[in-house]
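Participant: With the input below, show me the fold.
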Amino acid sequence: MLKKGLLIKFLQWRVRNLSDNLFVIILSIIIGLVTGLAAFLLKKTVYSIEDEILGFFQSSEQIYYLLLFPFIGIILTVLFLKYIVRDDVGHGVPRILYAISKLDGSMRRHKIFSSLVGGSLTAGFGGSVGLESPIISTGASVGSFLGQILKLSYKHKTLLIGCGVTGAMASIFTTPIAAVIFGFEVLLLDLSTAAIIPLLIASVTGAVTTKMLLNEQYLVHFKVTQEFIISDIPFFIVLGILAGFVSVYFHYVHFQVIKLFSKVKSFLLKAVIGGALLGVLVFLFPPLYSEGYEAIRHIVSGESQKILNYSLFADNTNIWFLVAFAFLLLIFKVFATTITTEAGGVGGIFAPAAMMGGLTGFILSRSINNLFSNEGLHESNFTLIGMASVLGGVLQAPLTAIFIIAEMSNGYELIVPLMLSTSIAFLIART
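Facilitator: Predicted coordinates:
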């Protein structure tokens, strides 16, 4: 009763002294801080678990334990959700859109922590998923929670959910502009001054908070070391076409695996089957472990041979074997991701789609360089542009994909090929 009385007094004071717009701006700062802290906790936990697991082994060793770790992660996540949370987490953008359109913007409060814990267990032990979905669910839940307890209108509650989503996106990738674009492009938020200012503030606050707390090695940053060359445009067109069909492949396999798992009714059997299959895939192809950005970092930094680390083929130096291995990673990444989520793991498709795009760009550029040594295509540039192209095709959000890679790479030197390839991939995937 005391808490309720204090809340009523605060709300009465707020109505007398603060306008709705100013109050929402203050709340957007709070949401940005909370999402930044949540992103820090999620990434720190996931990478700490991963470092502990892989820290006992040399990169040239074949790790048989990789058969077991993803299985453990899936089982722990399923048990946590089933017996502690006792609810379906229902993470991701579709669930947020459903809450906005059907539930008056109200989300269950456990989502503030359940997605974080589930995502940490899943990805930390090797689940082949992205961390963006758990943190977005957390951010949206924080916004919804504040809107509910402060008795805000549906319009302002929805705006706070948008602040949570953009703050979370900016926190996990430290890309504030792309995060705001994501809010408008995917969540279809109101594009007005009253809406855009809180989104910008939440986004910047989240990105700055994460950047202050996390070491650079944990941030998803890539450095462009080579400028865009106009003569490469025909190859970027080819990359856009390939990325479009990779996006279609992603969707096809994703829904086929979902269809197969829907036939298994027991949640525990799903976890066992999915965990076992995932363990085999991660053992055969270690870069499938967790998000997959480490493999992209190796390629962009010119150390592509390192993607063979911890695998059966770590010492293979054949120039075409690396291309073949990258192609197999591209083929199996979507299987690993969908198996992870369907088995009961918590995570998103953003990072897997980006990884598949990066591999597409690398395979194309490395293959052309192997065949025609006089071409000298910049593999790091093709890798980054491939990431945006497949992202745009899979998410059907080309502007988000373009700006997130532009910000990840700390500049806009590649904006022209980014726009070209991503537009082509988006149109092919949409068609």
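Participant: Name the residues of the helix or strand of the chain with the lowest mean pLDDT that are buried.
Facilitator: Lowest by mean pLDDT, DSSP states H and E among the helices and strands of the chain is helix 93-102, with a mean of 78. By 16 or more other Cβ atoms under 10 Å, the buried positions in helix 93-102 come out as 93, 95-96, 99-100. C-beta coordinates here come from the backbone N, C-alpha and C atoms, glycine included.
Participant: Using CSV, list the CA coordinates for that helix.
Facilitator: Taking Å, rounded to 0.1, in the frame of the first residue of the first chain, the C-alpha atoms of helix 93-102 are listed here in CSV:
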residue,chain,number,x,y,z
VAL,A,93,10.4,-8.6,-33.3
PRO,A,94,7.3,-10.6,-34.2
ARG,A,95,6.4,-11.0,-30.5
ILE,A,96,6.9,-7.2,-29.9
LEU,A,97,4.7,-6.3,-32.9
TYR,A,98,2.1,-8.7,-31.5
ALA,A,99,2.2,-7.0,-28.1
ILE,A,100,1.8,-3.6,-29.7
SER,A,101,-1.1,-4.5,-31.9
LYS,A,102,-3.0,-7.1,-29.8
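Participant: heading toward the C-terminus, what's the first helix or strand past it?
Facilitator: helix 111-124 (DSSP states H and E).
Participant: Could I get the phi/psi values of Val186?
Facilitator: For Val186, the backbone dihedrals (degrees, to the nearest 10) come out as phi -100, psi -50.
Participant: just checking, what packs against the longest helix seen in the chain?
Facilitator: For the chain, the longest helix by residue count, based on DSSP state H, is helix 20-54. Other helices and strands packing on helix 20-54, by 3 or more Cβ pairs under 8 Å, 6 or more residues apart in numbering; DSSP states H and E, are helix 111-124, helix 132-149, helix 154-173, helix 193-213.
Participant: Out of those helices, which one sits most buried?
Facilitator: helix 154-173 (a mean of 30; mean count of other Cβ atoms under 10 Å).
Participant: Using CSV, write down the CA coordinates of that one.
Facilitator: Presented in CSV, the C-alpha positions along helix 154-173 are these (Å, rounded to 0.1, in the frame of the first residue of the first chain):
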residue,chain,number,x,y,z
TYR,A,154,-1.1,3.5,-25.5
LYS,A,155,0.7,6.0,-27.8
HIS,A,156,3.4,6.8,-25.2
LYS,A,157,3.7,3.2,-24.1
THR,A,158,4.3,2.2,-27.7
LEU,A,159,6.9,4.9,-28.0
LEU,A,160,8.7,3.6,-24.9
ILE,A,161,8.7,0.1,-26.4
GLY,A,162,10.3,1.7,-29.5
CYS,A,163,12.9,3.4,-27.3
GLY,A,164,13.7,0.0,-25.7
VAL,A,165,14.1,-1.6,-29.1
THR,A,166,16.3,1.2,-30.6
GLY,A,167,18.3,1.5,-27.4
ALA,A,168,18.9,-2.3,-27.4
MET,A,169,19.9,-2.4,-31.1
ALA,A,170,22.3,0.5,-30.5
SER,A,171,23.7,-1.1,-27.4
ILE,A,172,24.4,-4.5,-28.9
PHE,A,173,26.0,-3.2,-32.1
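Participant: I'd like to know how many residues surround the nearest residue to His110 once chain neighbours are set aside.
Facilitator: Excluding the flanking residues, the one nearest His110 by Cβ to Cβ, 6 or more residues apart in numbering is Val85, at 5.5 Å. Val85: 17 surrounding residues under other Cβ atoms under 10 Å.
Participant: Pretty sure Val85 sits against Lys111.
Facilitator: No. Using Cβ atoms under 8 Å, Val85 is not in contact with Lys111, being 9.1 Å away.
Participant: Got the confidence number for Glu216?
Facilitator: On pLDDT, Glu216 comes in at 68.
Participant: again but with Phe283, I slipped
Facilitator: pLDDT, read off for Phe283, is 92.
Participant: OK, contacts around it?
Facilitator: Contacts for Phe283 (Cβ atoms under 8 Å, 6 or more residues apart in numbering) come out as 63-64, 66-67.
Participant: Tell me the one of these nearest Ser423?
Facilitator: For the contacts of Phe283, the residue nearest Ser423 by Cβ to Cβ is Leu66; the value is 38.4 Å.
Participant: Run a quick neighbour tally on that closest one.
Facilitator: Leu66 has 25 nearby residues by other Cβ under 10 Å.
Participant: in the stretch 201-350 of the chain, which spans are helices?
Facilitator: For the stretch 201-350 of the chain, applying DSSP state H, counting those that start in this stretch gives helices covering 233-261, 267-284, 293-300, 319-342, 350-371.
Participant: Which of those sits closest to Leu79?
Facilitator: Comparison of these against Leu79 by Cβ to Cβ identifies helix 267-284 as nearest, at 8.6 Å.
Participant: just the angle between the closest one and helix 319-342, please?
Facilitator: Per axes from the mean of the first three to the mean of the last three Cα atoms, to 10 degrees, the angle that helix 267-284 makes with helix 319-342 is 170 degrees.
Participant: buried sites along helix 267-284?
Facilitator: Buried, per 16+ other Cβ under 10 Å, within helix 267-284: 270-279, 281-283.
Participant: Over to stretch 390-398?
Facilitator: 390-398.
Participant: low pLDDT regions in the stretch 51-200 of the chain?
Facilitator: 58-62, 89-91, 188-191, 193 (pLDDT under 70).
Participant: for the stretch 301-431 of the chain, that is, sorry about that
Facilitator: In the stretch 301-431 of the chain, residues with pLDDT under 70: 411.
Participant: can you do 90?
Facilitator: For the stretch 301-431 of the chain, the stretches with pLDDT under 90 are 301-302, 309-319, 372-376, 408-414.
Participant: Could you count how many residues lie near the residue lying closest to Val248 once chain neighbours are set aside?
Facilitator: Nearest residue to Val248, sequence neighbours excluded (Cβ to Cβ, 6+ apart): Ala429, at 5.7 Å. For Ala429, the number of neighbouring residues by other Cβ under 10 Å comes to 24.
Participant: Contacts only, for Phe23.
Facilitator: Arg14.
Participant: Look up how far Val186 lies from it.
Facilitator: 26 Å (Cβ to Cβ, to the nearest Å).
Participant: Could you check how far the closest residue to Ala38 other than its chain neighbours is from Glu342?
Facilitator: In space, not counting the residues next to it along the chain, Ala38 is nearest to Thr138; the distance is 5.0 Å by Cβ to Cβ, 6+ apart. Taking Cβ to Cβ as the measure, Thr138 falls 22 Å from Glu342.
Participant: And for Tyr289?
Facilitator: 18 Å.
Participant: More neighbours: the two, which one.
Facilitator: Tyr289 (27 against 20).
Participant: just to revisit the earlier point, in TSV: the helices and strands packed on helix 20-54, plus distance to Phe313.
Facilitator: As requested, the helices and strands packed on helix 20-54 are arranged in TSV below (distance: least, Cβ to Cβ, whole Å):
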stretch	distance to Phe313
helix 111-124	24
helix 132-149	30
helix 154-173	31
helix 193-213	35
